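Novice: here is my input; please provide its structure:
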Amino acid sequence: MERYAQIFKINNSKVELSFDNINKFYISLNQLSQEDKILLSLFHYGLRDGAFFISKNNENNFKNEIFLKIIQGDENIIETSNNIKFYLKKIAPEVIVEVFVRRIHDSYSNDLTEKVVIDVGAAVGDTALYFASKGANVYAVEMTKSNYDRMIENLKLNPNLSKKITPIHCAVGKDELIEYYDNSSDDISSTAGASFLMNKYGNQAVKNSVMGMSIKTIINKFQISNVDLLKMDCKGCEYLLNENDLKFVRNIKIEYVRYDPSHKLDLILNLLKKLGFSYIIFKHEPKDNLSFQNSGNILAKKIS
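Specialist: Below is the predicted model of the structure:
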């Protein structure tokens, strides 16, 4: 299907935007709202990676395509190709594109029927809903209160999938009260993930506290017998993993970032080898040429 951009001025306060002259979207003209900014960013990231944007119930025309439906109204909603819904103001545009357009998790999670997933760094529920749509029972762990609250709202939009998700508001690492730094702005498009290991936001930071739990404690607290998949995107907490945490874990996907000189990739890899995991290291972004010592992804499977 041919794509191009057309912009029409409706009146002094609104413009109409279309990429195919069929599906139409509306943006404020005088002052961009937070949702307008998110929508424009979503168009940028989505079109770049091959998504089609629709505004009508014409999914049948896109059977073999990746599309994102934008439902504009009192509450603007975005719906993915596999019918997962999010409030537009409660999801980061690049996250939607990563998970549902570029599908960065497909390679290791195509069939999770009745599998147990612990999703550490569940953010606003994007990966938790994705794993649940693959059939998993998900324990969705999120440290920041702002993202946890957004996750709860997004789960309400997906009542059937939310039955398979247990949201947990805690920090993963140590079994103690943990202080962390978050962005003081409520604009989700400006956030880059919070960490209790460093202040990423400088003067824009606000300090909060939350109860911490190790993976072992989560397993015990929720009476989990085996973890089929442990997914971690928690801005440094992966360096706190130990043998007891991984005793009942079969597969692991870690997005790791080095925040401190003590954060060494070999610490994680040696732990995995000791516990009988085979692993590969890779990058999600083809243009990412930073050293694997600083950041990357680990996909590991227990073979012994």
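
Novice: report pLDDT for Y180.
Specialist: Looking at Y180, its pLDDT reads 86.

Novice: cool, the one 3 residues further on as well?
Specialist: As summarised for this prediction, N183 has a pLDDT of 76.

Novice: ditto for the one 10 residues further on
Specialist: On the pLDDT scale, G193 is placed at 68.

Novice: over to the one 5 residues further on?
Specialist: You'll see M198 listed with a pLDDT of 73.

Novice: and the one 10 residues further on, by the same measure?
Specialist: Looking at N208, its pLDDT reads 89.

Novice: now the one 3 residues further on
Specialist: According to the prediction, M211 has pLDDT 96.

Novice: that one and I10: what is the separation?
Specialist: Noted for M211: a distance of 50 Å to I10, by Cβ to Cβ, to the nearest Å. Heads up, the C-betas are built off the backbone N, CA and C, glycines and all.

Novice: again with K287
Specialist: 37 Å.

Novice: looking at the two, which one has more neighbours?
Specialist: Ranked by neighbour count (other Cβ atoms under 10 Å), K287 and I10 place I10 first, with 12 against 5.

Novice: does the more buried one lie in a helix or a strand, and which?
Specialist: strand 6-11 (DSSP states H and E).

Novice: same check, this time on L155
Specialist: Per DSSP H and E: L155 is located in helix 145-156.

Novice: packing partners of the helix or strand following that helix?
Specialist: Sequence-wise, the next helix or strand downstream of helix 145-156 (DSSP H and E) is helix 159-162. In terms of contacts (3 or more Cβ pairs under 8 Å, 6 or more residues apart in numbering; DSSP states H and E), helix 159-162 is packed against helix 126-133, helix 145-156.

Novice: what is the burial count for the residue nearest to G50 when sequence neighbours are not counted?
Specialist: Nearest non-adjacent residue to G50, counting by Cβ to Cβ, 6 or more residues apart in numbering: I66, 6.4 Å away. Here the number of neighbours of I66 (other Cβ under 10 Å) works out to 18.

Novice: low-confidence ranges in the stretch 1-150 of the chain?
Specialist: Within the stretch 1-150 of the chain, the ranges that satisfy pLDDT under 70 run 1-5, 8-9, 57-64.

Novice: how about the helices in it?
Specialist: 34-48, 93-100, 126-133, 145-156 (DSSP state H, counting those that start in this stretch).

Novice: of the ones you listed, flag the one that's most buried.
Specialist: helix 126-133 (a mean of 26; mean count of other Cβ atoms under 10 Å).

Novice: just the CA atoms of that one, as PDB, please.
Specialist: Extracted in PDB, the C-alpha atoms of helix 126-133 (Å, rounded to 0.1, in the frame of the first residue of the first chain):
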ATOM      1  CA  ASP A 126       3.600  -3.100  27.600                       C
ATOM      2  CA  THR A 127       5.700  -6.200  27.900                       C
ATOM      3  CA  ALA A 128       3.400  -7.800  30.600                       C
ATOM      4  CA  LEU A 129       0.400  -7.500  28.200                       C
ATOM      5  CA  TYR A 130       2.600  -8.800  25.300                       C
ATOM      6  CA  PHE A 131       3.700 -11.900  27.300                       C
ATOM      7  CA  ALA A 132       0.100 -12.400  28.400                       C
ATOM      8  CA  SER A 133      -1.100 -12.300  24.800                       C
END
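
Novice: measure how it sits relative to helix 145-156, angle-wise.
Specialist: With axes from the mean of the first three to the mean of the last three Cα atoms, to 10 degrees defining the directions, helix 126-133 sits at 30 degrees from helix 145-156.

Novice: can you name the residues in contact with helix 126-133?
Specialist: For helix 126-133, the surrounding residues in contact (Cβ atoms under 8 Å, 6 or more residues apart in numbering) are 82, 84, 86, 91, 95-96, 99-100, 105, 109, 112, 117, 119, 122, 138, 140, 151, 154-155, 158, 161-162, 164-165, 167, 229, 231, 233.

Novice: could you do stretch 171-187 as well?
Specialist: Residues outside stretch 171-187 that contact it (Cβ under 8 Å, 6+ apart): 34, 37, 120, 141, 143-146, 190-192, 194-196, 198-201, 204-215, 217-218, 232, 234, 237, 240.

Novice: from these, which would you call buried?
Specialist: 37, 120, 141, 143-144, 146, 191, 194-196, 200-201, 208, 210, 212-215, 217-218, 232, 234, 237, 240 (16 or more other Cβ atoms under 10 Å).
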